[in-house]
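*Asks:* make a model of this:
(2 chains)
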Protein chains: 2
Amino acid sequence: MLYLIFYDITDDQLRNKVADFLKKKGLTRVQFSVFFGEVNSSRLKDVVAGLRMYSKKRKSGERFNVLIVPVTENQFNQRIVIGEGEIASEESSVLW
Amino acid sequence: MLYLIFYDITDDQLRNKVADFLKKKGLTRVQFSVFFGEVNSSRLKDVVAGLRMYSKKRKSGERFNVLIVPVTENQFNQRIVIGEGEIASEESSVLW
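*Replies:* So this is what the prediction gives:
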């Protein structure tokens, strides 16, 4: 099944670790804090477990919110993107 | 049609304005930087135009990314939420 994964993580270091983790799980970065990809049920369990582990590293006062939603290719293709926003120094291989 | 609206806006003031704008357009805040709701085509045009107007106020070095994706109620109900993350001082009427 296809999933969109959105995160709002204020700790830069932790956010970078999550981005690397999601890339290793085969997901594609489609926006600064948004990943997208085909995830089967067993890999979804891995992804959720890994993200829960990272969320426990959240320092007080910092935000760590992740939302995972199943979507279809058609819905993804109907997405509307507003604003560009630098990826800052992280990396620029993004599918907008 | 139902839509999820995700934003990654680093400027606190601008982010608050966007949140207020989306609330006025009848959308429900479901996570710190995520809104959800039924949006007909004409209102969608309003929402997109308004968000584009706000995106022009982005200061250099700040991020302003918005992603709007159509979803079904069923997909929304299958969402997985990880982490809580304070809403900080903004407000707490959130449907997690």
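
*Asks:* now the longest helix anywhere in chain A - C-alpha only, PDB.
*Replies:* Taking DSSP state H as the criterion, chain A has its longest helix at helix A:41-55. Output in PDB follows, covering the C-alpha atoms of helix A:41-55 (Å, rounded to 0.1, in the frame of the first residue of the first chain):
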ATOM      1  CA  SER A  41       2.400  -4.400   6.300                       C
ATOM      2  CA  SER A  42       5.600  -5.900   7.800                       C
ATOM      3  CA  ARG A  43       7.700  -2.900   6.700                       C
ATOM      4  CA  LEU A  44       5.000  -0.600   8.000                       C
ATOM      5  CA  LYS A  45       5.500  -2.300  11.400                       C
ATOM      6  CA  ASP A  46       9.200  -1.600  11.200                       C
ATOM      7  CA  VAL A  47       8.700   2.000  10.200                       C
ATOM      8  CA  VAL A  48       6.200   2.600  13.100                       C
ATOM      9  CA  ALA A  49       8.400   0.900  15.600                       C
ATOM     10  CA  GLY A  50      11.500   2.900  14.500                       C
ATOM     11  CA  LEU A  51       9.600   6.200  14.600                       C
ATOM     12  CA  ARG A  52       8.300   5.400  18.000                       C
ATOM     13  CA  MET A  53      11.800   4.700  19.200                       C
ATOM     14  CA  TYR A  54      13.000   8.100  17.800                       C
ATOM     15  CA  SER A  55      10.000   9.900  19.300                       C
END
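
*Asks:* would you mark the buried spots in the helix or strand of chain A with the lowest mean pLDDT?
*Replies:* When each helix and strand of chain A is scored by mean pLDDT, DSSP states H and E, strand A:28-31 comes last, with a mean of 92. For strand A:28-31, a neighbour-count test (16 or more other C-beta atoms under 10 Å in any protein chain shown) marks A:Arg29, A:Val30, A:Gln31 as buried. C-beta here means a position set from N, CA and C on the backbone, and glycine is covered the same way.

*Asks:* could you list which of those also contact chain B?
*Replies:* A:Val30, A:Gln31 (C-beta under 8 Å from any C-beta of the partner chain).

*Asks:* would you mind putting the CA coordinates of the least confident helix or strand of chain A into CSV?
*Replies:* Taking Å, rounded to 0.1, in the frame of the first residue of the first chain, the C-alpha atoms of strand A:28-31 are listed here in CSV:
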residue,chain,number,x,y,z
THR,A,28,11.0,8.9,-1.2
ARG,A,29,11.3,12.4,0.2
VAL,A,30,8.7,14.5,-1.6
GLN,A,31,8.9,17.6,0.5
